[in-house]
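J.: With the sequence up front, the predicted model follows.
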Amino acid sequence: MKTLKFALLCAIFSSLVSVASAQESKKENSATKPSPRDKGWEKRHEAFVGIAKRGNVDLLFLGDSITDAWGGEGHGMGGGHKIFTSKFVPMKAANFGIGGDRTQHVIWRLQNGELDGIKPKVVQLMIGTNNSNGSDNTAEEIADGVKGIIDEIKKKSPSTKVLLLAVFPRNTGKDDGAKKIQKDKIDKVNSIISKLDDGGKSVKFLDIGSKFKDASGALPKELMPDQLHLSEKGYEIWANAVEGVITSMLKGDSAKAVEPTKKVEPATAAKPTSGTPEPTKTVKKVEPAPAGTPEPVKKGEPVKKGEPEPTKKGEPAPAPKNPEPVKETKKGEPAPAVKAPAKSSKTVVKEEVVEVKKTPIRDFFRKLLNR
C-alpha cells in the first residue's frame, strides 16, 4: 500500500511539474513577436515601403510617436519637422517613426519591406517606451525586443550602423507609485541595452535623457509639455546632442570612397602639367623669332655701329614708319638672297639668315640714298 501511495504521489507531482513547464513554454515575449496593427497603421507602413523602394536613404530614423514627430515625408508638422528639414534631410534622411509603436511592431515593419531597396549608413533607433506601460512587458522583455530590431537591421543591411538611444525619461503614471515603477523599468531597460554597444563597430549606445531634465530631475513642460512628447525646443536639444555623432558615423562609412578620388586627382594633374610646359617653351622660342623683327634689330646694334654714316643719313625715324616697303623687298629681291644661304652649312644658315633679313633693309636705304 505504501508503495502504491508513493507511486501515486510521484505521478501527481510529475504531472503538476509538466503542466507548469508547459505553461511557461507557452508564454511568449510579446515584445519580440512581430505583429502588425490596424489598417490605418498599415497604410503608413506601405508609404514607408514606397520611400524605401525609391532608395537614396543614408540616414533612417526609426521608432514610435517621439520619432514620428520629427516630421519629413509621410508625417505631419510635428515639433521637429523644421529641424529635420534643415539639418537631416541634407544628409539623405528618412523618418519611419509611427506613433504608438512597440518593439514588436517595428520588427514586423522591417520584416515586411521597410528596408527593401535601401541600406542606410546609419539608423537612429529609439523605441520601448510604449512597452513599459503597466505590466505589458518587463524590462528584460523590452530589452529583448530592442535587440530583436537590431538583429533584423543586421540581417537586412549588415553594413548599417545603429545609433541606439536610451529610452527617454517620462512622467505619465497615474500616481507617484506608478511613476516610480515605470521610471525604474525604463532605467533597467537602458542599463541592459547599453551592453549592445560594441564600440561603434555596428552599434553605438547614447543616453541623452538627462538633457531633458532640470536641476531637480524634473521634466520641464517647455521641453515635454505632456511629460512624454517633446516640444520644438526639445527637438532642438535632441538634434544638437546627436548631430555630431551622426555626422561622424556617416563619414566613417564614406571615408573609403573619398580617399581614391584624392589620390587620382593629383596623379592626373601632374602628368599634363609636366608634359605641356615643354612644347609651350619650344613654341614660344619659335614664334617670336620670325614675328619679332625688333629683336634681331637689337641684336644687330653692333652691326649698326660698323656703318654709322648710312644709319644716320638714312634717318632711322622713318624706318619704322615704312614696314610696307620691307614687304615689297621680300617679294622682289630677297627671294634669291634667301636661297643662297640654304646651300651653305646648317650653322652658317642660322647666322646668315639673320643677316639676310637685315641686308635687304640696308640695301633699300642705300638705294634711297644713292637716288
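T.: Noted; the coordinates are in hand.

J.: and residue 92, what does it touch?
T.: 56-59 (CB atoms under 8 Å, 6 or more residues apart in numbering). (Glycine included, C-beta is placed from N, CA and C.)

J.: Can I have the buried ones of those as a ChimeraX selection?
T.: A single ChimeraX command is used to select the members of these judged buried by 16 or more other CB atoms under 10 Å:
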select :57,58,59
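
J.: Among the contacts of residue 92, which lie within strands?
T.: residue 59 (DSSP state E).

J.: where in the stretch 151-300 of the chain is pLDDT low?
T.: Applying pLDDT under 70 to the stretch 151-300 of the chain flags residues 253-300.

J.: And the strands in it?
T.: Applying DSSP state E, counting those that start in this stretch to the stretch 151-300 of the chain gives strands spanning 161-165, 203-206.

J.: quick one, which of these is nearest to residue 126?
T.: Evaluated with CB to CB, the strands of the stretch 151-300 of the chain place strand 161-165 nearest to residue 126, the distance being 4.0 Å.

J.: quick one: contacts of that closest one?
T.: For strand 161-165, using CB under 8 Å, 6+ apart, the contacting residues are 121-126, 146, 150, 153, 193, 196-197, 200-208, 242, 245-246, 249, 252-253.

J.: give me that answer again for 7 Å
T.: 121-126, 150, 153, 193, 196, 202-206, 208, 242, 245-246, 249 (CB atoms under 7 Å, 6 or more residues apart in numbering).

J.: same question, stretch 223-237
T.: 65-66, 69, 79-80, 83, 170-172, 211-212, 219, 222, 238.

J.: For the strands of the stretch 151-300 of the chain, state which one has the densest average packing.
T.: Mean neighbours per residue, mean count of other CB atoms under 10 Å, is largest over the strands of the stretch 151-300 of the chain for strand 161-165, with a mean of 23.

J.: Direction included, what does that one pair against?
T.: strand 122-126 (parallel), strand 203-206 (parallel) (DSSP bridges).

J.: re the thing from before, so can I have CSV of the contacts of residue 92 showing pLDDT and distance to residue 161?
T.: Below are these laid out as CSV (pLDDT from 0 to 100; distance: CB to CB, whole Å):
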residue, pLDDT, distance to residue 161
56, 97, 18
57, 98, 14
58, 98, 11
59, 98, 10
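
J.: Name the pair among the contacts of residue 92 with the greatest separation in space.
T.: 56 and 59 (11.0 Å).

J.: The strands paired with strand 161-165 into JSON lines, with extra columns for distance to residue 41?
T.: JSON lines is the format used below for those (distance: least, CB to CB, whole Å):
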{"stretch": "strand 122-126", "distance to residue 41": "19"}
{"stretch": "strand 203-206", "distance to residue 41": "27"}
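
J.: ok, back up a step: emit the ChimeraX select command for whichever of the contacts of strand 161-165 are buried.
T.: Per 16+ other CB under 10 Å, the buried members of these correspond to this ChimeraX selection:
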select :121,122,123,124,125,126,150,153,193,196,202,203,204,205,206,208,242,245,246,249
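
J.: In terms of residue numbering, what are the domains of the protein?
T.: Following automatic domain parsing, one finds the domains of the chain at 30-256, 284-370.

J.: Give me whichever of the ones you listed is most buried.
T.: Greatest burial across the domains of the chain, using mean count of other CB under 10 Å, falls to domain 30-256, with a mean of 18.

J.: Would you mind measuring from residue 182 to residue 173?
T.: Distance of residue 182 to residue 173, computed by CB to CB, to the nearest Å: 5 Å.

J.: I'd say residue 102 and residue 130 touch.
T.: Yes. Using CB atoms under 7 Å as the test, residue 102 is close enough to residue 130 to be in contact (4.7 Å).

J.: Which residues are in contact with each of these two?
T.: When CB under 7 Å, 6+ apart defines a contact, no residue borders residue 102 and residue 130 alike.

J.: quick one, which of the strands paired with strand 161-165 is nearest to residue 90?
T.: strand 122-126 (14.1 Å).

J.: which residues are contacting the closest one?
T.: Taking CB under 7 Å, 6+ apart as the rule, strand 122-126 contacts 59-63, 66-67, 149, 153, 160-165, 167-168, 242, 246, 249-250.

J.: Not counting residues beside it along the chain, what's closest to residue 101?
T.: residue 64 (4.4 Å; CB to CB, 6 or more residues apart in numbering).

J.: Give me the pLDDT for that neighbour.
T.: At residue 64, the model reports a pLDDT of 98.

J.: and if you look at the one 3 residues further on?
T.: With respect to pLDDT, residue 67 scores 98.

J.: and it, what does it touch?
T.: 61, 95, 97, 126.

J.: ok so it is a helix residue?
T.: Yes. Assessed with DSSP: H, G, I helix; E, B strand; the rest coil, residue 67 lies in a helix.

J.: and the gap between it and residue 183?
T.: Applying CB to CB to residue 67 and residue 183 gives a distance of 21 Å.

J.: do residue 210 as well
T.: 13 Å.

J.: anything in contact with each of those two?
T.: Common contacts of residue 210 and residue 183 (CB under 7 Å, 6+ apart): none found.

J.: For the stretch 1-150 of the chain, just list every one of the helices.
T.: Assigned by DSSP state H, counting those that start in this stretch, the stretch 1-150 of the chain shows helices spanning 2-26, 39-54, 65-68, 81-83, 103-111, 139-156.

J.: Just the endpoints, please. Distance across stretch 129-142?
T.: Stretch 129-142 has an end-to-end distance of 9 Å (CA to CA, to the nearest Å).
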